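A.B. asks: Please work out how this folds:
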Amino acid sequence: ATSGVLQANGVDPVLNYSNLGATFLVDLLSGGEDRLIVYGNSTSETITVTPTTVTASAQPINYANAEALTVNGQEGSDTFNVTPSAATEMFIDGGDPTGLAGDRINVTAGGNNATFYPGPESDEGAFLIGGNLPLSYDHIEAASVTGNNTVGQTVTVYGTNADNDIKVVGLAARDFTVSVDGSPAVQYFNFPNLLVDGLAGDDDIDVDVFSLALDSLTVRGNNPSAEGDTLTVEGVLQGADNARWTPAGVDGGSLVVGAQTMTVQTMERLIYEGMDESESLTVNGAGRFVHTPGANRDAGLVQLDNWLAINYLNLGLGGTVTANGTGGADMLVALGTNGSDRIDVDFTAANAIDVDLTSSLGVHVDLLSTGVESYEIRGLEGDDDINVQARVDASGSFAVFGGGPSAGSDTLNLTGAAGTAEAVVIRSDAGQADDQDVLGLGATIDVTGIELITLTGQVADLDTLDVQLGDGDNVARVARGSDVGGANA
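C.D. replies: Reported below is the predicted structural model:
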C-alpha cells in the first residue's frame, strides 16, 4: 500500500519506492509551470487532497511548488476529499467507476464562498472556493461542498449560455442540493446563502423549498433567448406554505414560501406549485390585480399591473388566493371563463371580498381580497349568472361586466342584506344608455353587458325599489312575480 513509481516528464529514470511512510516529498522547485500527477489504484479507495499533501493508496505524498495538480482515481468507485489551494490549481479525474456507487468528490470550503460552474458533460464541472485557484473535475458521479455557516457565506451556481434545467432541493434549513442539466445533484452543507444564475438561454429553474430557511435565496434567470426563463417553486412537504408574492417589476419580486424568502430576478414566468395541499397564496402590492382562472379548479394566474405574474398549480380545492392591496386605491379584476359560469360575490369586511367561481369544471378555489378598494367582476363569454350579496362594502368602485352571452343571456342577481332597510335604485347610466347603475346596496354597482337583473329583498326589512327608465320614450312592464305572499314578496 505504501509503494509506487515516480517519473518526471515520462522519461528515465524511473523511481520505484516502498515503505516511505509520511516522509515522501515531491518538490517541483520554483519557476516554470509544473504539474504533479498522482494516480490511485484500480480498486475503490478514499483519496485525500490538501494544498500540501495527496494521500492515495494509503501513501501520503507531500508536494511543493506545483502550479497544477492532477489526481486520477482510475477504476473503482473512489471518494476524493479535497481542500482547495491558493497556490495550486487542482483537477480530479474519477476515472471509470465500477459498481453502482461511482466516484464522489467532497470539497471542504471552511468559511469561504463556493461557486460552481457546470462543464460540457454532465460529469464535469469546476468549483471556485473563496480566493483559491479553481478545482475542476471529470468522471465524477456525486459531489458535496461543506461550509461552516459563516455570516454572508454564499453558494453561487451558474448555468450555461444554453437552455438549462436547474434543480434546487432543500434538505434542511441551510443544506440543499443543486443540479444543472442532469449533472450530479451537488450537496451543499452549512451555507446560509444561495444564488442561482441561469445566464443566457431559456432556462427552467425548479426550487423545492421543503425545509429551507436560508438567510437569502436569489434566483436569477438572466438573459433569455426566445421563450424566456421559468421559475417553478414547490413548498413545504405536508405543511402550510403560506405563499406570498410581492412583485417589484416586470421580471422580478419577492416570493415567500414556508420559512424561505426568495428574491426573483430577470424571470419571464413564475409558477407556484401547491402540491394539492390546500395552500394559500397571497399577492401583495398597490395597483390593479387581475385574477384569471386556469385549466383546473385549483389553478390560475394573478398579475399586478404589468408586473411579473404568478401562476399557481395544484393549490388544492381547500386553498385560497388573496389580493392584498397596499396602495389605498387598488382594484381587483375577477375574470370568469369563456364558458357559462356562476360567480358568487360576497363582502366579508370593508374592502374585503370573497368571489366563488363555478365553471363547467366545478367550484374553483376561493378568490379573496384585503385592503382592495375597487372591483370588476367580468363574466366573459357564455351565459353567466353573477350573484352579488349586499352589502357591497367597497370604498371605491364596483362594476359587473356580463361579456358576450353565447345563446341565452347574462344575469345579475342581487340579494339585499338581512336586517337592513334598503332603498334600491336601478337606473340607466348617464354616460352609456345601455348600461345600468344600481344604488342602495352599498357602493354603486356599475352594470355593463347584462341582459337580466333580479333583486331579492326581505319583506321584514321594508326594502324599496325605484326603477328609473331614463330619458326618451320607454316602456315599462310590471308583472306579478312567482313569490307572491312569500317571505320575499
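A.B. asks: quick one: contacts of stretch 352-367?
C.D. replies: For stretch 352-367, contacts defined as Cβ atoms under 8 Å, 6 or more residues apart in numbering pick out 291, 293, 296-298, 300, 315-323, 332, 334, 336-337, 339-348, 368-372, 375, 377, 393-394. All C-beta atoms are positioned from the backbone trio N, CA, C, and that covers glycine.
A.B. asks: Buried ones in it, by neighbour count?
C.D. replies: Using 16 or more other Cβ atoms under 10 Å as the test for burial, stretch 352-367 gives 352, 353, 354, 355, 357, 358, 359, 361, 364, 365, 366, 367.
A.B. asks: and the two most separated of those?
C.D. replies: 352 and 361 (25.9 Å; Cβ to Cβ).
A.B. asks: Quick check: closest non-adjacent residue to residue 368.
C.D. replies: residue 322 (4.4 Å; Cβ to Cβ, 6 or more residues apart in numbering).
A.B. asks: For burial, what's the neighbour tally of that neighbour?
C.D. replies: 22 (other Cβ atoms under 10 Å).
A.B. asks: Verify the stated contact: it with residue 284.
C.D. replies: No. When contacts are counted by Cβ atoms under 8 Å, residue 322 is not listed as touching residue 284 (9.1 Å).
A.B. asks: follow-up on the earlier one: hmm, which of the contacts of stretch 352-367 are the buried ones?
C.D. replies: 291, 293, 297-298, 300, 315-316, 319-323, 332, 334, 336-337, 340-347, 368-372, 375, 377, 393-394.
A.B. asks: ranges for the strands of the stretch 351-489 of the chain?
C.D. replies: Along the stretch 351-489 of the chain, the stretches classed as strands by DSSP state E, counting those that start in this stretch are 352-359, 362-363, 366-370, 374-378, 385-389, 398-401, 411-415, 423-428, 436-439, 445-448, 452-456, 464-468.
A.B. asks: Can you redo those strands as a markdown table, where the extra columns are distance to residue 304 and mean pLDDT?
C.D. replies: As requested, those are exported to a markdown table (distance: least, Cβ to Cβ, whole Å; pLDDT from 0 to 100):
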| stretch | distance to residue 304 | mean pLDDT |
| --- | --- | --- |
| strand 352-359 | 16 | 98 |
| strand 362-363 | 25 | 98 |
| strand 366-370 | 12 | 98 |
| strand 374-378 | 14 | 98 |
| strand 385-389 | 24 | 97 |
| strand 398-401 | 19 | 98 |
| strand 411-415 | 27 | 97 |
| strand 423-428 | 33 | 94 |
| strand 436-439 | 28 | 96 |
| strand 445-448 | 22 | 96 |
| strand 452-456 | 31 | 94 |
| strand 464-468 | 37 | 92 |
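A.B. asks: beta partners for residue 303?
C.D. replies: Per DSSP bridges, the residues bridged to residue 303 are residue 290.
A.B. asks: And the pLDDT for it?
C.D. replies: Residue 303 is assigned a predicted lDDT (pLDDT) of 98.
A.B. asks: before we move on, what about residue 3?
C.D. replies: On pLDDT, residue 3 comes in at 66.
A.B. asks: do the same with the one 5 residues further on
C.D. replies: In this model, residue 8 is scored at 73, pLDDT.
A.B. asks: Neighbours of it, how many?
C.D. replies: Residues lying near residue 8 (other Cβ under 10 Å) number 12.
A.B. asks: so what's it bridging to?
C.D. replies: Beta-bridge partners of residue 8, as defined by DSSP bridges: residue 11.
A.B. asks: Please report the distance of it from residue 37.
C.D. replies: Distance of residue 8 to residue 37, given as Cβ to Cβ, to the nearest Å: 11 Å.
A.B. asks: again with residue 271
C.D. replies: According to Cβ to Cβ, residue 271 and residue 37 sit 47 Å apart.
A.B. asks: Which residues are in contact with residue 315?
C.D. replies: Contact partners of residue 315, counting by Cβ under 8 Å, 6+ apart, are 274, 276, 278, 279, 281, 298, 299, 321, 365.
A.B. asks: With pLDDT, secondary structure and distance to residue 441 added, can I get these in TSV?
C.D. replies: As requested, the contacts of residue 315 are arranged in TSV below (pLDDT from 0 to 100; DSSP: H, G, I helix; E, B strand; the rest coil; distance: Cβ to Cβ, whole Å):
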residue	pLDDT	secondary structure	distance to residue 441
274	97	coil	35
276	96	coil	38
278	97	coil	32
279	98	coil	33
281	98	strand	30
298	98	coil	31
299	98	coil	32
321	98	strand	25
365	98	coil	26
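A.B. asks: Widest-spaced pair of the residues you listed?
C.D. replies: Using Cβ to Cβ, the two most remote members of the contacts of residue 315 are 276 and 321, lying 15.1 Å apart.
A.B. asks: Show me the shaky parts of the protein.
C.D. replies: Residues of the chain that meet the criterion pLDDT under 70 lie in 1-3, 12, 14, 20-22, 98-100, 225-226, 406, 483-489.
A.B. asks: switch the cut-off to 80
C.D. replies: Along the chain, the model assigns pLDDT under 80 to residues 1-23, 32, 97-101, 224-226, 405-408, 433, 470-473, 479-489.
A.B. asks: Now do the helices in the chain.
C.D. replies: Counting by DSSP state H, one finds no helices in the chain.
A.B. asks: Pull the number of nearby residues for residue 328.
C.D. replies: 11.
A.B. asks: got it, and the one 10 residues further on?
C.D. replies: Residues within reach of residue 338, counting by other Cβ under 10 Å, total 14.
A.B. asks: If residue 355 is in a bridge, with which residues?
C.D. replies: Beta-bridge partners of residue 355, as defined by DSSP bridges: residue 345, residue 367.
A.B. asks: Now do residue 61 against residue 51, distance only.
C.D. replies: 13 Å.
A.B. asks: more crowded one of those two?
C.D. replies: Neighbour totals were compared for residue 61 and residue 51, and residue 61 leads with 20 against 17 (other Cβ under 10 Å).
A.B. asks: residues in contact with that one?
C.D. replies: The contact partners of residue 61, by Cβ under 8 Å, 6+ apart, come to 24, 26, 38, 53, 54, 55.
A.B. asks: gap between stretch 461-469 and the chain center?
C.D. replies: Using Cα atoms, centre = their mean, to the nearest Å, the mean C-alpha position of stretch 461-469 is found 50 Å from that of the whole chain.
A.B. asks: so how far does that stretch reach from one end to the other?
C.D. replies: End-to-end distance of stretch 461-469: 25 Å, with Cα to Cα, to the nearest Å as the criterion.
A.B. asks: Could I get the buried residue list for it?
C.D. replies: For stretch 461-469, a neighbour-count test (16+ other Cβ under 10 Å) marks residue 463 as buried.
A.B. asks: which residues are contacting it?
C.D. replies: Under the criterion Cβ under 8 Å, 6+ apart, residues 416, 418-428, 455, 457, 476 lie in contact with stretch 461-469.
A.B. asks: Swap in 10 Å and give it another go.
C.D. replies: 390, 416-428, 436-437, 439-441, 453, 455-457, 474-476, 478, 488 (Cβ atoms under 10 Å, 6 or more residues apart in numbering).
A.B. asks: Just the buried subset of those residues, written out for PyMOL, thanks.
C.D. replies: Only the buried entries of the contacts of stretch 461-469 go into this PyMOL selection, using 16+ other Cβ under 10 Å:
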select buried, resi 390+416+417+422+424+426+428+436+437+439+440+441+453+455+456+457
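A.B. asks: circling back: mind putting the buried residues of stretch 352-367 into a markdown table with distance to residue 130?
C.D. replies: Formatted as a markdown table, those follow (distance: Cβ to Cβ, whole Å):
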| residue | distance to residue 130 |
| --- | --- |
| 352 | 51 |
| 353 | 53 |
| 354 | 53 |
| 355 | 53 |
| 357 | 54 |
| 358 | 58 |
| 359 | 56 |
| 361 | 54 |
| 364 | 51 |
| 365 | 47 |
| 366 | 50 |
| 367 | 49 |
